[in-house]
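S.K.: Show me how the following folds:
(one chain, ligands or ions: 1)
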Amino acid sequence: MTIDLKQNPATNPALLLRFRDRQYAPDMLAVAVGKLNLFSWIHQRGDADTEAIANHFSLASRPLDVLLTLCRASGLIESAGDTHRLTDLGREHLVDTSPWFLGPYYAPIVDSPIAQGCLQVLRHDRPANWQASEDGSDWHTSMMDEDFAQGFTALMNCRGIAMGQVLADKLGGFIADCNHVLDVGGGSGIYSSTLVAKHDHLRATVLEQAPVDRLAREEVLRHGLQDRITVAQGNMFTDPWPGGADCVLLSNVLHDWDFPEIRTLIQKTCQVLPAGGRVIIHEAFLDDDKTGPLAVAEYSVLLVNITQGKCYSPAEYGVILADHGFEVGPYHDTIADRGFITAIKR
Ligand SMILES: C[S@@+](CC[C@H](N)C(=O)[O-])C[C@H]1O[C@@H](n2cnc3c(N)ncnc32)[C@H](O)[C@@H]1O
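M.R.: This is a model prediction of the structure:
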């Protein structure tokens, strides 16, 4: 089937993506209530800072941040800096001495496989089985397996068509003077495809690891864009990036990683770009104060379980970009709880 990449859908698929993206969030909350009794503990103290929670419950900082963000976005806690206290909702319904305590309501899922994975990741920062491929490999390793990579690339490709079309529309002015986009960790290359389909002056290179690079080549061919998009095989962390680009696209890539890897990728972005070169970070962003959006806080629970990352805010990326000499632009929404930030190399 040929797809007209210039033709956007008339409807917004946000709800359909949310059903899937929130899959891990209820079980994470069940763990907080039924395994940790976190809310009763905070209530007894009046408030608690992040470090105290981490120490008392032996929780790792990346998943704890995701859990606290979920609680804040759900209206269960309020945070002043690093200090957290319960809201009325949290106090009335999640404290075990309250007449309206709803702990037993979550009991049926507190030992579900997903809840067990959440507890593992909270305690050890890595679940025992990342619920990726059946051999128990993590998602990152699974992506090097032919069958798993094919299925997951198809998943990302189908959501990327509408998202990529809206991204291409909204980026118009920002990429008007760019000639060549380097799409790092580009998956099927769908974002390169939607960008070049809507912007006649653009070319793109997709940088991907095996076997996804082959899938990307097939997909680019399917869209008939092989004269304008090339696919380079390489490891984005350890190999030099293809030169010649004046714009780097990091779409749904940084949120797979923790801060050290994000810094590495931003540093490599800086190295490959000329002065005036542009970078686009496209994914699901939290608000800068991490009070929402709820859909993104829920999605972050999925990411913390299956990848080495989580959802970040524009401010968190902004600090890293500024450290590497980029002038950082504002955040823009696209579609289905996703959006992008841009930056220009000084
Ligand atoms: C979540 S997907 C995003 C794909 C696409 N950019 C999108 O927005 O749908 C992350 C991609 O990063 C790729 N990736 C992960 N580690 C990589 C590495 N070390 N070198 C190159 N690509 C890598 C994966 O193969 C995967 O396709």
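S.K.: Residue numbers of the stretch 101-250 of the chain in contact with the ligand?
M.R.: Taking CB under 6 Å from any ligand atom as the measure of proximity, the stretch 101-250 of the chain contacts the ligand at 143, 156, 160, 185-187, 191, 208-209, 212, 235-237. Heads up, the C-betas are built off the backbone N, CA and C, glycines and all.
S.K.: For the residues you listed, pick the one with the most neighbours.
M.R.: Each of those was scored for neighbours by other CB atoms under 10 Å, and Gly186 scores highest at 33 neighbours.
S.K.: Surely that residue touches Val206?
M.R.: Yes - with contact defined as CB atoms under 8 Å, Gly186 and Val206 form a contacting pair (3.7 Å).
S.K.: Give me the common contacts of these two.
M.R.: Taking CB atoms under 8 Å, 6 or more residues apart in numbering as the contact criterion, the common neighbours of Gly186 and Val206 are 192, 216, 231.
S.K.: Including neighbour count, could these go into JSON lines?
M.R.: Formatted as JSON lines, the entries for these read as follows, by neighbours: other CB atoms under 10 Å:
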{"residue": "Ser192", "neighbour count": "32"}
{"residue": "Ala216", "neighbour count": "28"}
{"residue": "Val231", "neighbour count": "26"}
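S.K.: Shouldn't Ser300 be within a helix?
M.R.: Yes - assignment of Ser300 by DSSP: H, G, I helix; E, B strand; the rest coil places it within a helix.
S.K.: on that earlier part again, between the shared contacts of Gly186 and Val206, which is closest to Gly325?
M.R.: For Gly325, the closest of the shared contacts of Gly186 and Val206 turns out to be Ser192, at 25.4 Å, with distances computed as CB to CB.
S.K.: Give me the contact list for stretch 93-109.
M.R.: In contact with stretch 93-109 (CB under 8 Å, 6+ apart) are residues 26-27, 29-30, 33-34, 37, 39-40, 43, 76, 86, 91-92, 115.
S.K.: Buried only: go through those for me.
M.R.: In terms of neighbour count (16 or more other CB atoms under 10 Å), the buried residues within those are 26-27, 29-30, 33-34, 37, 39-40, 43, 76, 86, 91, 115.
S.K.: ok, of those residues, which one's closest to the ligand?
M.R.: Each of the buried ones among the contacts of stretch 93-109 was checked against the ligand using CB to the nearest ligand atom; the closest is Asp27, at 21.7 Å.
S.K.: For that closest one, give me its contacts.
M.R.: Listed by CB under 8 Å, 6+ apart, the contact set of Asp27 reads 109, 112, 114-115, 117-118.
S.K.: what about it, distance to Asp147?
M.R.: The span separating Asp27 from Asp147 equals 26 Å under the rule CB to CB, to the nearest Å.
S.K.: Show me what whichever strand or helix holds Ile161 is packed up against.
M.R.: When elements are assigned from DSSP states H and E, Ile161 belongs to helix 146-170. Counting contacts by 3 or more CB pairs under 8 Å, 6 or more residues apart in numbering; DSSP states H and E, the secondary-structure elements packed against helix 146-170 are helix 139-142, helix 190-198, helix 212-222, strand 278-283.
S.K.: Narrow the contacts of stretch 93-109 to those in strands?
M.R.: When the contacts of stretch 93-109 are checked against strands using DSSP state E, the ones located there are Leu86.
S.K.: which among the contacts of stretch 93-109 gets closest to Thr264?
M.R.: Asp27 (31.6 Å).
S.K.: Just want the angle from the helix holding Ile161 to helix 190-198.
M.R.: 40 degrees (axes from the mean of the first three to the mean of the last three CA atoms, to 10 degrees).
S.K.: Tell me the strands beside the next helix or strand after helix 146-170, with direction?
M.R.: Tracing the chain past helix 146-170, the next element assigned as helix or strand by DSSP H and E is strand 180-184. If you go by DSSP bridges, strand 180-184 pairs up with strand 203-208 (parallel), strand 247-251 (parallel).
S.K.: tell me the angle strand 180-184 makes with strand 278-283.
M.R.: Going by the same axes, to 10 degrees, strand 180-184 makes 40 degrees with strand 278-283.
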